[in-house]
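A.B. asks: Got a predicted structure plus its sequence, pasted below:
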Amino acid sequence: MDTTFPDLRQYGGADAFLRECQARIVFDMFTNKWAGLAMGALLGGPRRFNELRRMLDGVTQKMLAQTLRALERDGLVTRTVYPTIPPRVEYELTELGRSASAMLRAIGEWSGEHADEMIAARRAYDERAARPVEPVRA
């Protein structure tokens, strides 16, 4: 089997390229746009649902609810319901969720540093793609 990435199974590690690999669950969660953004929003401390919804511009109520439920299921977020009328619900990162904060911060910093380059690359690509195809001349 020819791979460009080392096979970590021989070292007792994960191989996220394999469909059955449990590490892929984590990879899938962190590559979900709303999960990463929701966790980033929770880095500042507990937040209520509508506060998160206002922070995450463009997220629907349904998508935010699904995302928070998935993060809670994965042990990254806790949901606390306070016995008030109406009930007050807060979401907060767990210790496991906070342990991912360094990675989330690094992704955020990298994104901020390189967004202009990526946008320029997209524009250049789109301009090239819009041109008519010209035959290659030798």
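C.D. replies: The structure has been received and is ready for your questions. Numbering: from 1, shown residues only.

A.B. asks: CA atoms for contacts and neighbours, from now on please.
C.D. replies: Will do.

A.B. asks: who's in contact with stretch 44-55?
C.D. replies: For stretch 44-55, the surrounding residues in contact (C-alpha atoms under 8 Å, 6 or more residues apart in numbering) are 38, 41, 59-61, 64, 88-93.

A.B. asks: at 6 Å instead, please
C.D. replies: Applying C-alpha atoms under 6 Å, 6 or more residues apart in numbering, the external contacts of stretch 44-55 come out as 89-92.

A.B. asks: Can I get the one helix or strand residue 25 maps to as CSV, trimmed to CA atoms?
C.D. replies: Using DSSP states H and E, residue 25 sits within helix 23-30. Taking Å, rounded to 0.1, in the frame of the first residue of the first chain, the C-alpha atoms of helix 23-30 are listed here in CSV:
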residue,chain,number,x,y,z
ALA,A,23,-10.1,9.2,15.5
ARG,A,24,-12.2,10.0,12.5
ILE,A,25,-15.1,10.9,14.8
VAL,A,26,-12.9,13.6,16.3
PHE,A,27,-11.7,14.8,12.9
ASP,A,28,-15.2,15.0,11.6
MET,A,29,-16.3,17.1,14.6
PHE,A,30,-13.4,19.5,14.3
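
A.B. asks: Many thanks, have a good one.
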